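1. Generate coordinates for the sequence data below:
(2 chains)
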Amino acid sequence: MDRIPILKLGPFLLVTIQVDLYDRLALNLENDLITMVSKTGARGVLIDISAVSIVDSFMGRILGNIASMSGIMDAQTVVVGMQPAVAITLVELGLTLQGVHTALDVEKGMELLQDKIGPDYLQEQDEEEELDDRTE
Amino acid sequence: MNTTAQLLHSKKKTILESWMSNQLSDQGLRDDLISNEELHKQSDELLNGLARAMATGNTDNIYAAEYEPITEILSDISITRARQGFSPRETGMYVLSLKKAIADALEQELAGQHEQLYKEVMMVNRLLDSLSVVTFETFIKGREEVILRQSDEISEISTPVIKVWEGILALPIIGTLDSARTQVVMESLLQEIVNTGSNIAILDISGVPAVDSLVAQHLIKTVSATRLMGAECIISGIRAEIAQTIVHLGIDLSNIKTKASLASALQLAFSMNRIEVKSHSKSTTFGFKR
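-> Below you'll find the predicted structure:
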């Protein structure tokens, strides 16, 4: 069965969708991604859909679902690189993906994620390190 | 073969000459748009066709095969005339002035034979009337094509996407926003966002005469699509009347950034992108500092 690879990148998960999503693939992705979020305790999910040229209401809903699910698990979702045609289609379908952050490309998406959760996370990390230092 | 057809053959030259003088005597003739020789050539061609067609005996049905060349010539003439900007009167007169030329020739030929003269003139009348209807139809069709092309051009040139700064796009909308135009606006804006990698788009609606719920809906759609692409959208140029109508219509724009003028929208865009614009104290050099 086809799977979309989910890459761990520091505190974030990176998913680049390089094929057109069909329903089963999208459902698998949703499943895998949420499992990965809980397993790795990721703080952010970055989904690159720059290669996706066709989108339907189901796919839009899956994106929204992923965002809300990871939101509950304290991970921010950023969708990056949406094609103009896809954006227009989603708006025409009435799916404006509220609650999903968006960015133009992966680079800007990463910056956004770091802005959103970076400072807190890094602070926490520092504090943990300090604690570790003291216990040593 | 009827008298008129014979006449068209034998007296073609006289008819053509009197037709030409009829056309040229018309006060409204625009000799700046068409040369005399060209007019002469067109008329000659048409008269030849008419003579051939009438010789077949068919004088009523202009949709028959033998009239095809004539209607073709006429359509050609009226469409070119529509494009060149001739008035309907000039185009109509072109065919109608032939009527007088033929009637004059018939009168000379059939002097004294009133009954036959009447018959022939009536027949010519009917025939040329239907031909002038064809002329008009194609003339109007030509004009409509011109209008259609112009409105296409307007909608194309009226949606320029301007890059005002690194990462900031501006899109002044002038004229009424309808569904078709919103589509063009949205597409060109989104494409430009991709091309330039901008993260802020300013939609200036100071040139939109009125905003109703449909226009507002279109604006909201454009803003949502921009957001989905990963860029922010600011709407600027909201006039007092527009603000009033928006509130009276109960349209919720609270989750869209709106500014009164393009300047303040640009200011907001600058601060969002952490850009600072400073004016130097020396008035000779204006330096923009990033």
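2. For the residue in the stretch 51-200 of chain B positioned nearest to chain A, which non-adjacent residue is spatially closest?
-> When scored by CB to the nearest CB, the stretch 51-200 of chain B has B:Leu190 as its residue closest to chain A, at 3.4 Å. All C-beta spots, glycine's among them, are computed from the backbone N, C-alpha and C. Spatial nearest neighbour of B:Leu190, excluding adjacent residues (CB to CB, 6 or more residues apart in numbering or on different chains): A:Pro84 at 3.4 Å.
3. residues contacting B:Ala269?
-> Shown in contact with B:Ala269 (CB atoms under 8 Å, 6 or more residues apart in numbering or on different chains): B:165, B:168, B:200, B:202, B:234.
4. I'd like the average pLDDT over the strand or helix carrying it.
-> Assigned by DSSP states H and E, B:Ala269 belongs to helix B:262-272. Averaging pLDDT along helix B:262-272 yields 91.
5. cool, and stretch A:103-117?
-> 87.
6. Dump the C-alpha coordinates for that stretch into PDB.
-> Output in PDB follows, covering the C-alpha atoms of stretch A:103-117 (Å, rounded to 0.1, in the frame of the first residue of the first chain):
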ATOM      1  CA  ALA A 103       2.700  29.900   4.300                       C
ATOM      2  CA  LEU A 104       4.000  30.300   0.800                       C
ATOM      3  CA  ASP A 105       6.800  27.700   0.900                       C
ATOM      4  CA  VAL A 106       8.500  25.300   3.200                       C
ATOM      5  CA  GLU A 107      11.100  27.800   4.300                       C
ATOM      6  CA  LYS A 108       8.600  30.400   5.300                       C
ATOM      7  CA  GLY A 109       6.400  27.700   6.900                       C
ATOM      8  CA  MET A 110       9.400  26.600   9.000                       C
ATOM      9  CA  GLU A 111      10.000  30.200  10.100                       C
ATOM     10  CA  LEU A 112       6.300  30.500  11.000                       C
ATOM     11  CA  LEU A 113       6.400  27.300  13.100                       C
ATOM     12  CA  GLN A 114       9.500  28.500  14.900                       C
ATOM     13  CA  ASP A 115       7.900  31.800  15.500                       C
ATOM     14  CA  LYS A 116       4.700  30.100  16.800                       C
ATOM     15  CA  ILE A 117       6.300  27.600  19.100                       C
END
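7. Report the buried residues of it.
-> A:103-104, A:106, A:108-110, A:112-114, A:117 (16 or more other CB atoms under 10 Å in any protein chain shown).
8. Check stretch A:61-72 too.
-> So stretch A:61-72, judged by 16+ other CB under 10 Å, has buried residues A:62-64, A:66-67, A:69-70.
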